[in-house]
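Asks: next input, structure requested:
(one chain, ligands or ions: 1)
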Amino acid sequence: MYFEKFHGTGNDFIIIENLNNELDLICNQSDLTKQICNRHFGIGADGMMIVCGSEIADIKMMFYNQDGSIAPMCGNGIRCFAKYVYDKKIVNNTIFTVETLAGTMKVELIESQETISFIRINLGYPEFNTVQFPIDTDKEKVIDEKIAVGNRELKISTLNMGTIHTVLYTENLNNVDIDKIGKTIEEHELFPEKTNVNIYEINDHENITLETYERGVGRTLACGTGCAATAVISNLLNNTSKSVNVHVRGGILKIEISNDGVFMTGPTERICKGEYIVKH
Ligand SMILES: N[C@H](CCC[C@H](N)C(=O)O)C(=O)O
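Replies: Numbers count the residues shown, from 1 in each chain. The predicted model follows:
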């Protein structure tokens, strides 16, 4: 099975095509994801995208986390996906639409080179009321709410930015056990479908540093929708401006909050391509 591997600021993905639905006859896509994304027995990646035909957009992206779970959207992934379908001439414009389970996203290839491209995505608008959040609050938005995490009380904000994100602020990321807090909150009883966990510190009014513990993966070098969700919360709390650079371990993503939606701009790079042997 032909595949290509990409990364977007260190969040890495496998991309395979299913334009003629031939994949459906070969294997279960969730099982295939777990197999191919395994970093020892497979190629290794944080997740997998499948290229599908669409009735409502130029192309459709199905996204699976490394553990085989389906997620509605992936910000770093859709940049890689966009480069793949443009370079393979599956789409023929530098501006096109991608159907996802989180809605149709508008994609723009700003600069396209052989291995690296810069891509700008309109991620749409943050949603607060779609989060099933059984916390005792009469507020419409859950921002800076205190919850019990183990024997501690933490302030969290939860929203949907293509997928569910929970955001926490810290004065110093070096003092935070990201894996421990990330896993605890990911699996917290408040989140029946789990959540992605983002912990950020403020560098200045236009720059934040972010660590993300992703649902279905664990710690990643970057999370595109997590960067956008965190920029939205940080701006709502008057910590940063509407245009902010989010510094992640794998690079920097630019987030712009506007009346037309939340835009994310960042790089994507092709790592390799080849034939994967499906294990039955
Ligand atoms: N783990 C996420 C999906 C991938 C999001 C992330 N890789 C991004 O770049 O947005 C979830 O289960 O909702």
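Asks: can you show me the helices along the stretch 1-150 of the chain?
Replies: Assigned by DSSP state H, counting those that start in this stretch, the helices in the stretch 1-150 of the chain fall at 23-26, 29-37, 75-87.
Asks: tell me the residues of the stretch 51-200 of the chain that contact the ligand?
Replies: Applying C-beta under 6 Å from any ligand atom, we find that the stretch 51-200 of the chain lies next to the ligand at Asn65, Ala71, Cys74, Gly75, Asn76, Gly77, Thr163, Asn196. For the C-beta atoms, the positions are set from N, CA and C on the backbone; glycine is no exception.
Asks: for the closest residue to the third one other than its chain neighbours, which residues are in contact?
Replies: Excluding the flanking residues, the one nearest Cys74 by C-beta to C-beta, 6 or more residues apart in numbering is Phe63, at 4.6 Å. If you count contacts by C-beta atoms under 8 Å, 6 or more residues apart in numbering, Phe63 has them with Gly47, Met48, Met49, Ile70, Ala71, Pro72, Met73, Cys74, Gly77, Thr100, Leu101.
Asks: rerun at 10 Å
Replies: 13, 33, 47-50, 69-74, 77-78, 81, 100-102, 162-163, 216 (C-beta atoms under 10 Å, 6 or more residues apart in numbering).
Asks: just those residues: which are in strands?
Replies: Counting by DSSP state E, the part of the contacts of Phe63 found in strands is Phe13, Gly47, Met48, Met49, Ile50, Ile70, Ala71, Thr100.
Asks: please name the bridge partners of the last one.
Replies: Following DSSP bridges, Thr100 is listed with bridge partners Gly103.
Asks: sorry, back to before: ChimeraX command for the buried members of the residues of the stretch 51-200 of the chain next to the ligand?
Replies: In ChimeraX, this line selects whichever of these come out buried by 16 or more other C-beta atoms under 10 Å:
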select :65,71,74,75,76,77,163,196
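Asks: pLDDT for the residues of the stretch 51-200 of the chain next to the ligand - can I get that in JSON lines?
Replies: Below are these laid out as JSON lines (pLDDT from 0 to 100):
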{"residue": "Asn65", "pLDDT": "98"}
{"residue": "Ala71", "pLDDT": "98"}
{"residue": "Cys74", "pLDDT": "98"}
{"residue": "Gly75", "pLDDT": "98"}
{"residue": "Asn76", "pLDDT": "98"}
{"residue": "Gly77", "pLDDT": "98"}
{"residue": "Thr163", "pLDDT": "97"}
{"residue": "Asn196", "pLDDT": "98"}
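Asks: least trustworthy helix or strand in the chain by mean pLDDT?
Replies: Least confident helix or strand, the chain: helix 23-26 with a mean of 78, by mean pLDDT, DSSP states H and E.
Asks: which strands and helices lie in contact with it?
Replies: Counting contacts by 3 or more C-beta pairs under 10 Å, 6 or more residues apart in numbering; DSSP states H and E, helix 23-26 is packed against helix 29-37, strand 47-52.
Asks: if I look at Asn18, how far off is Gln29?
Replies: 8 Å (C-beta to C-beta, to the nearest Å).
Asks: what do these two both touch?
Replies: Residues touching both Asn18 and Gln29 (C-beta under 10 Å, 6+ apart): Ile50, Met62.
Asks: which one's the longest strand in the chain?
Replies: Longest strand in the chain, counting by DSSP E: strand 261-275.
Asks: do it and the ligand meet at all?
Replies: No - judged by C-beta under 6 Å from any ligand atom, strand 261-275 makes no contact with the ligand; its nearest approach is 8.9 Å.
Asks: neighbouring strands - and their directions - for that strand?
Replies: Taking DSSP bridges as the criterion, strand 261-275 sits next to strand 2-8 (antiparallel), strand 116-122 (antiparallel), strand 251-258 (antiparallel) in its sheet.
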